[in-house]
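In: predicted model and sequence follow; I will ask about them next.
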Amino acid sequence: MKALLVALLAAVLCAQQASSLFCYTCENEHSNWNCMRTYKCEDHEKYCTTTYSTAGFGKDVGQRITKKCSVDCPETNVNFGMAAYSTKCCSTSLCNFSGANSIRINYAMILLGIAGSLIYMLRVGL
């Protein structure tokens, strides 16, 4: 009987440890190196997320990184040319180490917008 209780206690303790998720956290940081703080997520939070946003043009491009625990997995990847926004998620402890830096300013979209504006102005001016 004692052996059964010890085995049951060990199983419960192992199950509790397995459900603990740890994520890196930060809020609107300029660099991924400022996002090395770890946090034990709540039991209902099952994902680590990294949100990476950029805005600007050329040397004036700014970036922001936010990392946190999350209940759901809101993966997004939006690129507006001069601004971009990406959220990646994962579900193992400390899996959000690197930034979600798969987004880049899309210079082709910027050039297409400039060309479209020029064509419009030429047509209106005629």
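Out: It's in. The structure presented is a predicted model; accordingly, all values stated were derived computationally and were not measured.
In: count of residues packed around E42?
Out: 10 (other C-beta atoms under 10 Å). (C-beta placed from N, C-alpha, C; glycine too.)
In: over to P74?
Out: Residues within reach of P74, counting by other C-beta under 10 Å, total 12.
In: can you report phi and psi for the nearest residue to it once chain neighbours are set aside?
Out: Leaving aside its chain neighbours, P74 sits nearest to T87 (5.5 Å; criterion: C-beta to C-beta, 6 or more residues apart in numbering). Backbone torsions of T87, given as degrees, to the nearest 10, read phi -130, psi 130.
In: now for T25: which residues touch it?
Out: Counting by C-beta atoms under 8 Å, 6 or more residues apart in numbering, T25 touches 35, 37-39, 67-69.
In: who wins on neighbours among the residues you listed?
Out: Using other C-beta under 10 Å as the neighbour test, the contacts of T25 are led by K67, with 26 neighbours.
In: can you tell me how far that residue is from A83?
Out: In this view, K67 and A83 are 20 Å apart by C-beta to C-beta, to the nearest Å.
In: okay, helices next: where are they in this protein?
Out: 2-18, 107-125 (DSSP state H).
In: least confident of those helices, on average?
Out: In terms of mean pLDDT, the lowest-scoring of these is helix 2-18 (a mean of 48).
In: low-confidence ranges, the chain, go.
Out: Applying pLDDT under 70 to the chain flags residues 1-19, 99-126.
In: if we go to 50?
Out: Scanning the chain for pLDDT under 50 picks out 4-9, 12-13, 15-17, 100-111.
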